[in-house]
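Asks: Please find the sequence and the predicted model below.
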Amino acid sequence: MKQTSAVVASKVIAADKAAALALTPVSRETEQRLDRYVALLLEWQAKTNLVAPSTLPHLWTRHISDSLQLLDLAPDAKIWVDLGSGGGFPGVVLACALAERPGAEVHLVERIAKKAAFLREAIRVTGAPGIVHLSEIGDIVEKWSGGVDCVTARALAPLHQLIGFAEPLVKRGAKALFLKGQDVEAELTESTKYWKIEPKLYSSRTGGQGWIVAIDCIERHN
Ligand SMILES: C[S@@+](CC[C@H](N)C(=O)[O-])C[C@H]1O[C@@H](n2cnc3c(N)ncnc32)[C@H](O)[C@@H]1O
């Protein structure tokens, strides 16, 4: 029997979702929130470029599992700040999963108004504990007044710049978790020219050539 391309596409996405949930299991409630987020993202993707179109068939493994794996590295963190959230990775995904953690909140920082509008809608439809800030990162982190347990970023900037963005929050006790690609070693070498850091490096659970850089102390070289 001949299958339409829409049927084939939905089977590819279903298989990818099953693979993602095997890698990074979530509760039934979180899965339902993530389903609502994915449906909204696919709807908005037609008019706003939120993720690279070539990655859409692998949205669950490439983007959702990639984001979810951070939770294990900060199991007690309640207050999260995601820098340059864009289409919501990792911030909205973390908020969906953290909805069951009492007192949890995820702050999403994004400077483009259209993307911030999408993030607000994603938080509304999922009911996740997210707070969207339409702002430049530099403007908001310098003035951050509350406590922060964990600061995240993915696909935002070279590592030495991410460290600079996160420094005010790490100085107040936050742990930084940055999702990085295959050039991580070179980025770490470059970063040590500017910063005194003792990073921990974890290979991505979702395969490929991804890495997570974890940092909990940042000092400038004199
Ligand atoms: C390449 S996208 C990555 C989005 C998302 N983190 C992901 O992995 O899919 C980077 C996002 O960061 C935002 N951004 C870049 N520099 C920023 C800044 N200085 N302040 C706030 N947002 C910024 C951009 O508007 C964009 O949406």
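Replies: Nice, I can see it.
Asks: Now find how far off-centre the helix or strand containing Leu108 is within its chain.
Replies: Element membership for Leu108 (DSSP states H and E) is strand 105-110. How far strand 105-110 lies from its chain's middle: 10 Å, per Cα atoms, centre = their mean, to the nearest Å.
Asks: With stretch 14-25 instead?
Replies: 17 Å.
Asks: list the buried ones in that stretch?
Replies: Buried residues in stretch 14-25, counted by 16 or more other Cβ atoms under 10 Å: Asp16, Lys17, Ala19, Ala20, Leu21, Leu23, Thr24. Backbone N, C-alpha and C define where each C-beta goes, glycine included.
Asks: what about the strands in this protein?
Replies: Here the chain has its strands, by DSSP state E, at 79-83, 105-110, 130-134, 150-154, 175-180, 195-197, 200-203, 211-215, 218-220.
Asks: Show me the buried residues of stretch 14-25 that map onto helices.
Replies: Counting by DSSP state H, the buried residues of stretch 14-25 place Asp16, Lys17, Ala19, Ala20, Leu21, Leu23 in helices.
Asks: got a list of what the spatially closest residue to the third one that is not a sequence neighbour touches?
Replies: Once its chain neighbours are removed from consideration, Ala19 has its nearest residue in Thr61; the separation is 5.6 Å (Cβ to Cβ, 6 or more residues apart in numbering). Taking Cβ atoms under 8 Å, 6 or more residues apart in numbering as the definition of contact, the neighbours of Thr61 are Asp16, Ala19, Ala20, Leu23, Thr206, Gly207.
Asks: what about stretch 50-65, average pLDDT?
Replies: Average pLDDT, stretch 50-65: 94.
Asks: Name the nearest residue to Lys180, sequence neighbours excluded.
Replies: The shortest distance from Lys180 to any non-neighbouring residue, by Cβ to Cβ, 6+ apart, is to Trp211 (4.8 Å).
Asks: rewinding a little: just the ones in helices among the buried residues of stretch 14-25 now: which is nearest the ligand?
Replies: If you rank these by distance to the ligand using Cβ to the nearest ligand atom, Ala20 comes first, at 15.5 Å.
Asks: count of neighbours near the closest residue to that closest one other than its chain neighbours?
Replies: Excluding the flanking residues, the one nearest Ala20 by Cβ to Cβ, 6+ apart is Trp60, at 3.6 Å. By other Cβ atoms under 10 Å, 24 other residues sit near Trp60.
Asks: Trp60 is in contact with Val12, isn't it?
Replies: No: Trp60 lies out of contact with Val12 (Cβ atoms under 8 Å); the separation is 10.4 Å.
Asks: Please tell me the pLDDT value assigned to Met1.
Replies: The model reports Met1 with a pLDDT of 56.
Asks: cool, the one 10 residues further on as well?
Replies: Looking at Lys11, its pLDDT stands at 83.
Asks: Could you report the distance from it to Ala97?
Replies: Lys11 sits 26 Å away from Ala97, taking Cβ to Cβ, to the nearest Å as the criterion.
Asks: Tell me how far Val170 lies from the ligand.
Replies: Noted for Val170: a distance of 17 Å to the ligand, by Cβ to the nearest ligand atom, to the nearest Å.
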